[in-house]
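J.: A predicted structure for the sequence below; I have some questions about it.
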Amino acid sequence: MSLGPAEVAKIAHLARLAILDEDAPAYARNLSAILELVDQMNAVDTTGVAPMAHPLDMAQRLRPDEVSESNQRAHFQAIAPQTEAGLYLVPKVIE
């Protein structure tokens, strides 16, 4: 599918995008290339391929749950403006 500058201008208007008239031919070429790629992907035979609801349905390899850093809470809270019982105190934001 090939788009012309007039179609690009219409699409830009519908999307509320401001494009310059001299840029419309370049946008038309780029959008046409994208639509051609979509047409190629639609032409692929996918019979026998189970649709996936999410690409992460498969089991993921996880790293071992091991401590990788030392506890530096005392160091970080020493430079904090206010702390109490191991928590950082901040000004109230919501009334």
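T.: All right, it came through fine.
J.: which intervals of this protein have sub-threshold pLDDT?
T.: By pLDDT under 70, the weakly predicted segments of the chain are 56-58.
J.: what ranges do the helices span in the chain?
T.: Per DSSP state H, the chain has helices spanning 5-14, 24-42, 73-78. These are given in chain order.
J.: could you dump those helices to CSV with distance to residue 49 and mean neighbour count?
T.: For glycine as for every other residue, the C-beta is placed from the backbone atoms N, C-alpha and C. Listed next are those as CSV, based on distance: least, C-beta to C-beta, whole Å; neighbours: other C-beta atoms under 10 Å:
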stretch, distance to residue 49, mean neighbour count
helix 5-14, 32, 14
helix 24-42, 13, 13
helix 73-78, 51, 10
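J.: among those helices, which is nearest residue 61?
T.: Taking C-beta to C-beta, helix 24-42 is the member of the helices of the chain nearest to residue 61, at 28.7 Å.
J.: Tell me what angle that closest one forms with helix 5-14.
T.: 90 degrees (axes from the mean of the first three to the mean of the last three C-alpha atoms, to 10 degrees).
J.: For helix 24-42, name the packing helices and strands.
T.: helix 5-14 (3 or more C-beta pairs under 8 Å, 6 or more residues apart in numbering; DSSP states H and E).
J.: And the helix it packs on, what does it pack against?
T.: By 3+ C-beta pairs under 8 Å, 6+ apart, helix 5-14 packs against helix 24-42.
J.: mind checking how far the helix it packs on is from the chain centre?
T.: 21 Å (C-alpha atoms, centre = their mean, to the nearest Å).
J.: and what of stretch 16-23?
T.: With C-alpha atoms, centre = their mean, you get 25 Å for stretch 16-23.
J.: what's in contact with it?
T.: Contacts with stretch 16-23, where a contact means C-beta atoms under 8 Å, 6 or more residues apart in numbering, come from 5, 8-9, 12, 27.
J.: Which two of those have the greatest separation?
T.: So, the contacts of stretch 16-23 by C-beta to C-beta: farthest apart are 5 and 12, at 10.1 Å.
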